[in-house]
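Peer 1: give the three-dimensional model of this entry:
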Amino acid sequence: MSVTAAAGFVAAGGACGVKEGDVADLAIVATDDGSAVPAAAVFTTNLTAAAPVQVSRQNLQASGGRVAAVVLNSGNANASTGAPGREAALAMARATAIAVGCRSDEVLVCSTGLIGIPLPVDRIVAAIPTVAAQRSRAGGAAAAEAILTTDTGPKEALVVEAGFAVGGMAKGAAMLAPNMATMLAVLTTDATATPRELSSALTVGVAASFNRLTVDGCTSTNDTVILLASGKEAVSTNLDALTDAVTRVCCTLASQMAGDAEGATKVVDIAVEGAASDQEAAIAARQVAQSQLVKCSLYGEDPYWGRISSELGSAGVNFDQDQLAIAYGGTVVCRGGVAVAHDEAAVKAHLAQAAVEIVADLGIGSGRASVLTNDLTPAYIAENMRTS
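Peer 2: Residues are numbered from 1 along each chain as shown. Modelled structure (predicted):
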């Protein structure tokens, strides 16, 4: 019950008929008494922001950063749906507010699924009272299940610290790219914090996790990460401790998302060291992580480091190929920009694993950054070559 592990929160999941068959596709996370609590959120940077993102931004501002419930549907993103889509998102907020007992601007709305298709909002509104009536501390798992699309399983995380806990649930298997890395996440904590403090903690957590994740280089229209704080366990909470716990939960969820990326067989950590700055290291790491050629070679378990070198040289950062070193799983295969003798069996064994680490040292400065990605497989193409 990760998203409800923190005191003061309940959740539920059920079917509303957006997806075919009696499949769970509606979730609600709320405070246990319907009262609004301090909250913060980070939304997609995509200018084609979906209707629920637009409404959630407006509601968070109107409520002064206080939220009583989050309603989420899967199977339809309610994106690129114009004014009817915005009215549908507002209708979801109104129905949830009535069911929970709060103001409609104290409800945030999330949707995930296919883009450009009108949302069957009447089905959702009709199902909200039934799902809301089922909310409980034990309902976290059902909520995490109900928000999935092409995910193969729910993604949950929990960090317990002295005096408080941070729990979360997420979905995401494709269209994962900074900033953010299609994903939804709801985090809760029983720590005491203001909306400003929560925003600070969440910004750091997202930067270290979801913004360091790329599956296919595509940024979703619906990305949303929400953090709610009930203040029911801790009289006062150190902001550094809260930020650390939020970051750890975000990193765990991001890692689960990378491992469950559409068609993926490997989670790959691309680290760039020795860059002119951390920012340039992040740019270079992302260039490698989003290279289709590199990702294909990872699927083929081929240590074709020349593709990595080529991507680094075209990343637009300070680069000197004569200073470059590349290692797979700690085994250096390139130094000074050229191949070096190495333990080929060790590299082959490392690339056969489900978790792969590649480190590129640019040999220029002290900048460092890493990006989480995965291999590119035929299964990814099969999943994305049609809408159904």
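Peer 1: I figured Ala289 was touching Ala271, is that so?
Peer 2: No - using C-beta atoms under 8 Å, Ala289 is not in contact with Ala271; the gap is 10.2 Å. Placement of C-beta: from N, CA and C, glycine included.
Peer 1: which of those two has more residues huddled nearby?
Peer 2: Ala289 (27 against 17; other C-beta atoms under 10 Å).
Peer 1: if I look at that one, how far off is Ala142?
Peer 2: 34 Å (C-beta to C-beta, to the nearest Å).
Peer 1: what of Gly21?
Peer 2: Shown here: Gly21 relative to Ala142, a distance of 17 Å by C-beta to C-beta.
Peer 1: more neighbours: the two, which one.
Peer 2: Ala142 (21 against 7).
Peer 1: which residue sits closest to the more buried one in space, ignoring its chain neighbours?
Peer 2: Gly13 (3.5 Å; C-beta to C-beta, 6 or more residues apart in numbering).
Peer 1: so that neighbour is in which element?
Peer 2: In the assignment (DSSP states H and E), Gly13 maps to strand 9-14.
Peer 1: and the very next helix or strand once past that strand, which strands flank it?
Peer 2: Moving toward the C-terminus from strand 9-14, the next helix or strand (DSSP H and E) is strand 26-31. If you go by DSSP bridges, strand 26-31 pairs up with strand 9-14 (antiparallel), strand 69-76 (antiparallel).
Peer 1: nearest to Ala132, of the ones you listed?
Peer 2: Nearest to Ala132, of all the strands paired with strand 26-31, is strand 9-14, at 6.7 Å by C-beta to C-beta.
Peer 1: sorry, back to before: for Leu148, which of the strands paired with strand 26-31 is the nearest?
Peer 2: strand 69-76 (6.1 Å).
Peer 1: before we move on, which element is Leu227 in?
Peer 2: strand 224-229.
Peer 1: just the angle between that strand and strand 9-14, please?
Peer 2: Orientation of strand 224-229 against strand 9-14 (axes from the mean of the first three to the mean of the last three C-alpha atoms, to 10 degrees) gives an angle of 140 degrees.
Peer 1: list the buried ones in the helix or strand that strand 224-229 is followed by?
Peer 2: The helix or strand immediately downstream of strand 224-229 is helix 239-259, counting by DSSP H and E. By neighbour count with 16 or more other C-beta atoms under 10 Å, helix 239-259 contains the buried residues 239, 241-259.
Peer 1: what do you get for stretch 123-140?
Peer 2: Going by 16+ other C-beta under 10 Å, stretch 123-140 has these buried residues: Arg123, Ile124, Val125, Ala127, Ile128, Val131, Ala132, Gln134, Arg135, Gly139, Gly140.
Peer 1: ok, now stretch 1-20?
Peer 2: Judged by neighbour count (16+ other C-beta under 10 Å), stretch 1-20 contains these buried residues: 1-19.
Peer 1: show me where the stretch 101-250 of the chain has helices.
Peer 2: Secondary structure of the stretch 101-250 of the chain, counting by DSSP state H, counting those that start in this stretch: helices at 121-133, 140-146, 195-207, 239-259.
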